[in-house]
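K.L.:
Sharing a model prediction with you, sequence too.
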Amino acid sequence: MGALERKAGARSVLAVAAAGGVVAGLLGFAGAGTAQADPAKLVQQYDCVFPLISNDPIEATITADIPSQIEAGTPSPAFAVNAATKVSSRAAQGLGLVGGKTLEGKATASVTVYTPDGPLSGIGVENTVAKTNIPSPPADFTVNATGNAPSLTFNTPGDARIEVDGINLHDMIVRDANGKPIQLVTGKDTFDAPCTLKSTNKVLAAFKVVPKNPTSPTNPTNPTNPTNPTNPTNPTNPTNPTNPTNPTNPTSPGGSTAQQNLSTQVKAVAGTLSMSQPGDSVALSSVNQGAGGVSSGNLQTVTVKDGRNGATGWSLTGKVSDFTGTAGSIGADKLSWKPACVTSPGSKSNCVAGSEGTVGTVGATLASAPDAAATGGQFAVDSGLSLNIPATAAAGDYKAVLTLTLT
């Protein structure tokens, strides 16, 4: 069982060009209540798994103007973050071999903002990779992406920083000269590519949250304002009956009162549901012509990560195409699996393996996690594969595509 063969050289352009929109639009800080913006830059290396071509490295360069100081209690308007990826002429040549003329798609970055009140983790920021022309004749070219980010409000003064934890490329499209998508996954115009961060540096920028200006005109009722004529503790008010120095009130115990308005905020944090695998090819064992029998193997382990921190579960299903080759075909209903699922320590959900049986073109459940009061975590999904080959099957190579869907 394996993937359809691809022409050489295509994987570099798929890996690098798709990364152009990875972290465009992380967080918003520029505007009112902020200090002058300082240039920030982060270069990260990733290893991504692409359909039919397996692992390939990419490098993303992220730049942004982020202020060195942000005033507490002031919402920050959005600001732009730029991501640029240089693509080699070799990669452009690879895409040209399969008829590719343009690239586009989406990329979701996972970001953590460390604040004085604690980290805001699992923030998923989706960005659009703009359609980019692939040069012909082949030459180096750059894929650019710019995005805007949501506003944040910091309540407590102190040190803060932004870290980029990872990316996932999804809904990527390669188009030919007529604008028609080139299918890199059988039956689909798009492809996904989960990525693993290889760099140790995650910090895009560090900044300080500073106290709100006490003389701000938005605080006219400041009870400690010494010039406020209505301040009952004003020592210059000769008619104040609580003034301890008032000679007409010798028995006053003295003292004063004041008020402080308290507020807090619990911010919603968007997480992601994703899966990854170390490879996309499985070679089943061979059988002798005329004898028939079971051709067996093991599914590439699928890692499911649920960082949504909610109450919703997930389901991982699979369906397979017929096994075809120059010698004929073997029906998809001849493939069976025996799923297994292991829940990583610390996970809130419990992983449930699907039922043993036929996969087929309709599909079956490989693994799932039910809805619960609290869900999330990491899960390793495996399965034994068995293809029942009839004795009448002609000698030759047979291939099929097993499509896994996580919802």
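P.N.:
The structure has been received and is ready for your questions.
K.L.:
pLDDT weak spots in the stretch 251-400 of the chain?
P.N.:
Scanning the stretch 251-400 of the chain for pLDDT under 70 picks out 251-270.
K.L.:
Show me the helices in it, by range?
P.N.:
In the stretch 251-400 of the chain, no helices are defined using DSSP state H, counting those that start in this stretch.
K.L.:
ok, which stretches of it are strands?
P.N.:
For the stretch 251-400 of the chain, the strands defined by DSSP state E, counting those that start in this stretch cover 273-276, 293-298, 302-306, 314-320, 323-325, 328-330, 335-343, 352-353, 357-358, 364-369, 377-389.
K.L.:
Export those strands to a markdown table and append columns for distance to residue 397.
P.N.:
Any C-beta I mention is one placed from the backbone N, CA and C, and that applies to glycine too. Below are these laid out as a markdown table (distance: least, CB to CB, whole Å):
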| stretch | distance to residue 397 |
| --- | --- |
| strand 273-276 | 28 |
| strand 293-298 | 12 |
| strand 302-306 | 25 |
| strand 314-320 | 17 |
| strand 323-325 | 5 |
| strand 328-330 | 11 |
| strand 335-343 | 16 |
| strand 352-353 | 31 |
| strand 357-358 | 23 |
| strand 364-369 | 25 |
| strand 377-389 | 12 |
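K.L.:
Switch these over to JSON lines; also include mean neighbour count.
P.N.:
Formatted as JSON lines, the strands of the stretch 251-400 of the chain follow (neighbours: other CB atoms under 10 Å):
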{"stretch": "strand 273-276", "mean neighbour count": "18"}
{"stretch": "strand 293-298", "mean neighbour count": "15"}
{"stretch": "strand 302-306", "mean neighbour count": "22"}
{"stretch": "strand 314-320", "mean neighbour count": "20"}
{"stretch": "strand 323-325", "mean neighbour count": "17"}
{"stretch": "strand 328-330", "mean neighbour count": "16"}
{"stretch": "strand 335-343", "mean neighbour count": "20"}
{"stretch": "strand 352-353", "mean neighbour count": "16"}
{"stretch": "strand 357-358", "mean neighbour count": "14"}
{"stretch": "strand 364-369", "mean neighbour count": "22"}
{"stretch": "strand 377-389", "mean neighbour count": "20"}
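K.L.:
looking at the ones you listed, which is closest to residue 135?
P.N.:
Counting by CB to CB, residue 135 lies closest to strand 273-276 out of the strands of the stretch 251-400 of the chain; the figure is 31.1 Å.
K.L.:
Compute the first-to-last residue distance for stretch 387-401.
P.N.:
The first and final residues of stretch 387-401 sit 13 Å from each other (CA to CA, to the nearest Å).
K.L.:
Report the residue ranges of every domain in the chain.
P.N.:
10-210, 273-406 (automatic domain parsing).
K.L.:
before we move on, back to that, can you tell me which of the strands of the stretch 251-400 of the chain is nearest to residue 141?
P.N.:
The closest of these to residue 141 is strand 273-276. By CB to CB, the value is 27.9 Å.
K.L.:
What mean pLDDT does the longest strand belonging to the chain get?
P.N.:
Criterion DSSP state E: the longest strand present in the chain is strand 158-175. The pLDDT scores in strand 158-175 average 84.
K.L.:
buried sites along that strand?
P.N.:
Using 16 or more other CB atoms under 10 Å as the test for burial, strand 158-175 gives 160, 162-164, 166-175.
K.L.:
re earlier: kindly compare burial across the domains of the chain and name the winner.
P.N.:
domain 10-210 (a mean of 19; mean count of other CB atoms under 10 Å).
K.L.:
ranges for the strands of the stretch 101-250 of the chain?
P.N.:
Assigned strands in the stretch 101-250 of the chain, in chain order: 102-115, 118-133, 141-148, 158-175, 191-197, 203-210 (criterion: DSSP E, counting those that start in this stretch).
K.L.:
got TSV for these, with distance to residue 340 too?
P.N.:
Below are the strands of the stretch 101-250 of the chain laid out as TSV (distance: least, CB to CB, whole Å):
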stretch	distance to residue 340
strand 102-115	27
strand 118-133	27
strand 141-148	39
strand 158-175	25
strand 191-197	21
strand 203-210	39
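K.L.:
For residue 372, which of those strands is the nearest?
P.N.:
strand 118-133 (17.9 Å).
K.L.:
That closest one versus strand 158-175: what angle between them?
P.N.:
Here strand 118-133 points in a direction 30 degrees away from that of strand 158-175 (axes from the mean of the first three to the mean of the last three CA atoms, to 10 degrees).
K.L.:
and the closest residue to residue 176 other than its chain neighbours, what does it touch?
P.N.:
Residue nearest to residue 176 in three dimensions, not counting chain neighbours: residue 99, with 4.6 Å by CB to CB, 6 or more residues apart in numbering. Applying CB atoms under 8 Å, 6 or more residues apart in numbering, we find residue 99 in contact with 176, 177, 182.
K.L.:
Now with 10 Å, please.
P.N.:
7, 174, 175, 176, 177, 178, 180, 182 (CB atoms under 10 Å, 6 or more residues apart in numbering).
K.L.:
circling back to that earlier point, looking at the strands of the stretch 251-400 of the chain, which is closest to residue 42?
P.N.:
strand 273-276 (21.4 Å).
K.L.:
Work out the sheet partners of the closest one and label each with its direction, please.
P.N.:
Partner strands and pairing direction for strand 273-276 (DSSP bridges) are strand 302-306 (antiparallel).
K.L.:
I'd assumed residue 203 was in contact with residue 160.
P.N.:
No: counting by CB atoms under 10 Å, residue 203 is not a contact partner of residue 160; they are 11.1 Å apart.
K.L.:
re the thing from before, confirm that the residue nearest to residue 176 sits in a strand.
P.N.:
No: remark: residue 99 does not belong to a strand; assigned using DSSP: H, G, I helix; E, B strand; the rest coil, it is coil.
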